[in-house]
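Asks: Build me a model:
(chains A and B, ligands or ions: 1)
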Amino acid sequence: MKLKQLESLLGEIQQFSNPKIQLEQYPTGPHIASRMLYTAENSFGDVSGKVVADLGCGCGTLGAAAAILGAEHVTGIDIDPDSLEIASSNAEYLEFEMDLVLCDVKNLGWRGQVVDTIVMNPPFGTRRKGADMEFLSAALKHASKAVYSLHKTSTRDHIKRAAVRDYGAESAEVLCELRYDVPQLYKFHKRKEVDIAVDLWRFVPRSHRENDV
Amino acid sequence: MRLLTHNMLSSNIKGVINGFPLRIEVEKVVEKPVDFNPDFLKNMFSKIEWKPLVDASRTMGYAELPEEADASMLDSHDFLQRFHHALLELHLEEGALFCPETNRRFPVNKGIPNMLLHEDEV
Ligand SMILES: C[S@@+](CC[C@H](N)C(=O)[O-])C[C@H]1O[C@@H](n2cnc3c(N)ncnc32)[C@H](O)[C@@H]1O
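Replies: Numbers count the residues shown, from 1 in each chain, chains lettered A, B, ... in the order given. Below you'll find the model as predicted:
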């Protein structure tokens, strides 16, 4: 599938109808989501035929992109039941399969390394400090092949250090810098849209022990 | 929820020693056919806990998996098809996941298990 095609399919996804500020619910737009998964598939072979998880899946854009690019199984996790309901109707409408689990990323009880690849657009940690790090830590624990994630460019050094030193990533690489439109969901944003610089990261988790529970 | 997801979920309540597997309680199962991909199944086999998959699929009304399985069976098309069906085509639509160690029940509605913990469980 062409990148343009993927992007336009993702454009049909219904986004948060009532975004919750404290959970940093801004949509991962089709532009970013398509590039993220397209790169994961075409440069690294991390999607097609794989088990993929989307942490903080919201309305499911990243998981949808994974499913469309041929992931064999996709699980989306979010703490908010309202977004999962939207994700579920998106899956029905666009006809892709995605298992959804209502769970706080901090308390994922997952056995071993069943998941190959994790894709995520975590909260940037602007509302609740450290939220981004909780996602990164969980992702590096549960993926066996690779983690793709978006983080503010201003936190680049910090992310790299934490991933490698604290969460045991074997490698942490910025694949590209993107512009992320944070829509004006929030009163304190004066302009209509604020566009911030984010990095698309690829982390490789350290090869793991077999089957630890 | 597919049994593949069930096979990786464990109870995440504080203090639980062995939260896996969660027992399935069925109210409604749906079947959704998906493409058969033998290479994927061969690759998945070593990551799956077999006995919990057998028990879960039986609870869901599918009793065609052998009690025990080893890698040599992956050459059998028939075996792979059963494995495929159990792992990817059966969905728990309504019911619950039950943690025998704590007696905690995680409800499953519209296919979505609710694994959110209460404050005193974290
Ligand atoms: C920036 S949005 C990601 C949007 C998503 N990729 C999409 O396409 O709709 C962050 C998501 O993380 C979820 N979230 C925030 N904190 C969470 C937590 N502790 N555990 C799980 N999900 C969480 C929010 O509900 C929100 O859906």
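Asks: Buried residues in stretch A:140-154, which are they?
Replies: Going by neighbour count (16 or more other C-beta atoms under 10 Å in any protein chain shown), the buried part of stretch A:140-154 is A:140-152. (C-beta placed from N, C-alpha, C; glycine too.)
Asks: With stretch A:119-133 instead?
Replies: For stretch A:119-133, the neighbour count (16+ other C-beta under 10 Å) marks A:119-125, A:131-133 as buried.
Asks: And for stretch B:85-97?
Replies: By 16+ other C-beta under 10 Å, the buried positions in stretch B:85-97 come out as B:85-93, B:95-97.
Asks: now, which of those lie close to chain A?
Replies: When these are filtered against chain A using C-beta under 8 Å from any C-beta of the partner chain, the residues retained are residue B:88.
Asks: Turn the buried residues of stretch B:85-97 into CSV, including pLDDT and secondary structure.
Replies: Supplementary listing: the buried residues of stretch B:85-97 in CSV, determined by pLDDT from 0 to 100; DSSP: H, G, I helix; E, B strand; the rest coil:
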residue, pLDDT, secondary structure
B:85, 98, helix
B:86, 98, helix
B:87, 98, helix
B:88, 98, helix
B:89, 98, helix
B:90, 98, strand
B:91, 98, strand
B:92, 98, strand
B:93, 98, strand
B:95, 98, strand
B:96, 98, strand
B:97, 98, strand
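Asks: Select, from the buried residues of stretch B:85-97, the two members most distant in space.
Replies: Between all members of these, the longest pairwise span (C-beta to C-beta) is found for B:85 and B:96 and amounts to 22.7 Å.
Asks: is chain B contacted by stretch A:121-135?
Replies: No. Stretch A:121-135 is not in contact with chain B by C-beta under 8 Å from any C-beta; minimum separation 12.8 Å.
Asks: Now do that stretch: distance from first to last residue.
Replies: Stretch A:121-135 has its terminal residues 9 Å apart, counting by C-alpha to C-alpha, to the nearest Å.
Asks: Relative to residue B:100, how far out is residue A:72?
Replies: Distance, residue A:72 to residue B:100, by C-beta to C-beta, to the nearest Å: 30 Å.
Asks: residue ranges with poor pLDDT in chain B?
Replies: The model of chain B has no residue with pLDDT under 70.
Asks: element containing the closest residue in space to residue B:63 that isn't next to it in sequence?
Replies: Nearest non-adjacent residue to residue B:63, counting by C-beta to C-beta, 6 or more residues apart in numbering or on different chains: residue B:57, 7.4 Å away. Assigning secondary structure by DSSP states H and E places residue B:57 in helix B:50-59.
Asks: sec struct for the residue of chain B found nearest the ligand, please.
Replies: Residue of chain B nearest the ligand, by C-beta to the nearest ligand atom: residue B:116 (9.4 Å). Following DSSP: H, G, I helix; E, B strand; the rest coil, we place residue B:116 in the coil state.
Asks: Quick check: residue A:178 vs residue B:2, distance?
Replies: For residue A:178, the distance to residue B:2 - C-beta to C-beta - is 32 Å.
Asks: packing partners for the one helix or strand residue B:28 maps to?
Replies: With elements taken from DSSP H and E, the one containing residue B:28 is strand B:23-31. Using 3 or more C-beta pairs under 8 Å, 6 or more residues apart in numbering or on different chains; DSSP states H and E as the contact criterion, the secondary-structure elements in contact with strand B:23-31 are helix B:50-59, strand B:90-99.
Asks: partner strands of that strand, parallel or antiparallel?
Replies: Based on DSSP bridges, the pairing partners of strand B:23-31 within the sheet are strand B:90-99 (antiparallel).
Asks: between the strand it pairs with and helix B:50-59, how many degrees?
Replies: Interaxial angle, strand B:90-99 versus helix B:50-59 (axes from the mean of the first three to the mean of the last three C-alpha atoms, to 10 degrees): 110 degrees.
Asks: Next one: stretch B:112-122, is it in contact with chain A?
Replies: Yes. When contact is scored as C-beta under 8 Å from any C-beta, part of stretch B:112-122 falls within range of chain A: B:112-117, B:122.
Asks: low pLDDT regions in chain A?
Replies: In chain A, residues with pLDDT under 70: A:183-193, A:208-213.
Asks: Next to chain B, which bits of chain A? Give me the list.
Replies: Applying the criterion C-beta under 8 Å from any C-beta, the portion of chain A that neighbours chain B consists of A:49, A:51, A:72-73, A:75, A:79, A:81, A:84-85, A:88, A:97, A:99-104, A:107-115, A:213.
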